[in-house]
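Colleague: fold the following and give me the result.
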Amino acid sequence: MARVEIKIPRQGIEDSTQEVTIERWFVQNGDAVMKGQIVCEVNTNKDLLEVESPASGAIEILVPALSQEIPANELT
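Modeller: Residues are numbered from 1 along each chain as shown. Model prediction:
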């Protein structure tokens, strides 16, 4: 099964947002995922946004951890 890399899209996040936080993972290491499946929820300090898997495959390692802040300039 193909490895799936999940990236948090910049779309839907205000330009003034400096960082986002992983609030909840809906998958675990080793889980199979389908394209479009919701894999995590991120907090932008204004909204909770759901992040979808861009492809079908398997989750290898969940990074970042829950409650870890991610700089907005690292979002795609």
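
Colleague: return the distance of the helix or strand bottoming out on mean pLDDT in the chain from the chain's centre.
Modeller: Across the helices and strands of the chain, mean pLDDT, DSSP states H and E gives its lowest value to strand 69-71, namely a mean of 75. Remark: strand 69-71 is offset 11 Å from the chain centroid, using CA atoms, centre = their mean, to the nearest Å.

Colleague: same check on stretch 11-21?
Modeller: 13 Å.

Colleague: surely R3 meets S56?
Modeller: No - the pair R3 / S56 is not scored as a contact, 11.2 Å apart, by CB atoms under 8 Å. For glycine as for every other residue, the C-beta is placed from the backbone atoms N, C-alpha and C.

Colleague: the two - which one has more neighbours?
Modeller: S56 (14 against 10; other CB atoms under 10 Å).

Colleague: need phi/psi at that one.
Modeller: In terms of degrees, to the nearest 10, the main-chain angles of S56 are phi -80, psi 150.

Colleague: contact partners for it?
Modeller: Taking CB atoms under 8 Å, 6 or more residues apart in numbering as the contact definition, S56 lies against 2, 4, 32-35.

Colleague: and which of those is nearest R24?
Modeller: Comparing the contacts of S56 against R24 with CB to CB picks out V33 as the nearest, at 15.2 Å.

Colleague: bridged to that closest one, which residues?
Modeller: In this structure, V33 bridges to G57 when assessed by DSSP bridges.

Colleague: any idea how far it is from E23?
Modeller: Taking CB to CB, to the nearest Å as the measure, V33 and E23 are separated by 18 Å.
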